[in-house]
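Visitor: Task: produce atomic coordinates for the following.
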Amino acid sequence: MIERQGDINKSNLQICSRCIYDERVNGIEFDEDGVCNYCKQVDDLKEQFGTGQEKGKKALEDIISEIKKDGKGKKYDCMVGVSGGTDSSYMLYWAVQKGLRPLAVHYDNTWNSAIATENIRKVTSALNIDLFTLVVDNKESDDIFKSFFKASVAEIEASTDLALAETLYRAASKYKVKYVLEGHSFVTEGITPVGRNYFDGKYIKSIHKKYGSLPMKTYPLMTFWRFLYWTVFKRIKKIRPYWYMDYSKSEAKEFLSKEFNWEYYGGHHLENRMTAFFHSYYLPNKFNTDMRNNTLSAEVRMGLKTRSEAWEEYNSEPHMEEELLEYFRKRLKLSETEFDEIMSRPPRSWNEFPTYKKRFERLRPLFKVLAHSNLVPMSFYLKYCFPAKVD
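Guide: From the prediction side, this is the model:
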């Protein structure tokens, strides 16, 4: 279980002098002023993308023009992945405001909260946006989740992130659209260090093959070659508009609530019940990791919180829905004894299993070109194409 320390001035940990990342964060380094390498990464990305500056505004306007030009004569000109959360919901509104014609795309892992489902309906209905949903067989999806839990690796919900990426590519290909808009902001949430947050198609397949019991039939697995097919041959671009512009998550929440009766769900990434289990219980209790430090550190860098305020919140218990643990156990058909036994097993790491990581590293020059062409996210290049120190 994660050690919680309430007073930042009394902590025995080395903590970044600018944010609240501490020495427990994977791959962290501090300079002579005590500033961590992840703060520097954010500064570099702001400079590179011109975030909130004329340079970024001009680049984004050029991209919007390209999307409109490519989308002439088509029903849609871009895809937007949606979860019912703040960033993706606001991205739909932003796209419409810019004169784009998005198709909302959702991967349903069958663990959505009722709030998330309603949020998607409210926003798409109000904006008159069509919704494309891929619903995986719930027994198959649960078998994949359970295999990761039994393997004692951290990335229990990794299959959802990869499946959404594959679903977006499939939808884009079906409607001959070349642009996918993603509601990610490195300013408001940072770029999660790769330590307990790695996933690719080979990793998911290898864990499921070893610990799963059902065949993988409906799950949209993205293999390495499918990844290359979508990026190199189909040339479907991934655009993250928030990387170029000033974006305020709190203002977006307020706007969505006021305009669409959209409802907040209690915390970053908690709109899905598997994701909520992952963030609020599984990582803190088994892996001594709490990913709230990503958003809280970002809020400190943005001046929205002091380091003391953020550290105090980081060291409080995460918000967790009542009966979430019981729901998790029942869905995955785990007795309390079996659940406790698996939770008590030593944590294992993704690098103990087959992955594409070494291949990504060997092909770093290719992915650098693809990242600078918006054919893969820059965060993929930075996280996956360099050797990672793993505890």
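
Visitor: Between the two ends of stretch 211-228, how far is it?
Guide: The distance separating the two terminal residues of stretch 211-228, taken as CA to CA, to the nearest Å, comes to 28 Å.

Visitor: Residue 224 and residue 201, how far apart?
Guide: Distance of residue 224 to residue 201, computed by CB to CB, to the nearest Å: 6 Å. Every residue, glycine included, has its C-beta placed from N, CA and C.

Visitor: overlap in contacts of those two?
Guide: Here residue 224 and residue 201 share the contacting residues residue 356, scored by CB atoms under 8 Å, 6 or more residues apart in numbering.

Visitor: who has more neighbours, those two?
Guide: Just comparing residue 224 and residue 201: by other CB atoms under 10 Å the higher neighbour count belongs to residue 201, 21 against 14.

Visitor: Skipping adjacent residues, who's closest to the more buried one in space?
Guide: When the adjacent residues along the chain are set aside, residue 201 lies closest to residue 223, with 4.5 Å between them (CB to CB, 6 or more residues apart in numbering).

Visitor: so who does residue 247 touch?
Guide: 185, 187, 188.

Visitor: Which parts of the protein are strands?
Guide: For the chain, the strands defined by DSSP state E occupy 78-81, 102-108, 131-135, 179-181, 237-239.

Visitor: Ok, which of the ones you listed comes nearest residue 294?
Guide: Ranking the strands of the chain by their distance to residue 294 (criterion: CB to CB) puts strand 78-81 first, at 19.1 Å.

Visitor: Give me the sheet partners of that closest one and which way each runs.
Guide: For strand 78-81, the pairing partners within the sheet under DSSP bridges are strand 102-108 (parallel), strand 179-181 (parallel).

Visitor: Which one of those strands lies nearest to residue 335?
Guide: Ranking these by their distance to residue 335 (criterion: CB to CB) puts strand 102-108 first, at 27.6 Å.

Visitor: who's in contact with that closest one?
Guide: Contact with strand 102-108 is made by 75-83, 92, 95-96, 120, 124, 129-136, 160, 163-164, 167-168, 171, 175, 177, 181, 220, as judged by CB under 8 Å, 6+ apart.

Visitor: and it, average pLDDT?
Guide: In this model, strand 102-108 has an average pLDDT of 97.

Visitor: Repeat that for stretch 298-305.
Guide: For stretch 298-305, the mean pLDDT works out to 94.

Visitor: now stretch 347-358
Guide: The predicted model assigns stretch 347-358 a mean pLDDT of 95.

Visitor: What's the end-to-end length of that stretch?
Guide: Stretch 347-358 has its terminal residues 22 Å apart, counting by CA to CA.

Visitor: what comes up buried for that stretch?
Guide: By neighbour count, and taking 16 or more other CB atoms under 10 Å as the criterion, the buried residues in stretch 347-358 are 349, 350, 353, 355, 356, 357.

Visitor: Could you do stretch 322-338 as well?
Guide: For stretch 322-338, the neighbour count (16+ other CB under 10 Å) marks 324, 327, 328, 331, 332, 334 as buried.

Visitor: with those residues in mind, which one is nearest to residue 209?
Guide: Proximity of these to residue 209 was ranked by CB to CB; the top entry is residue 332 with 18.1 Å.
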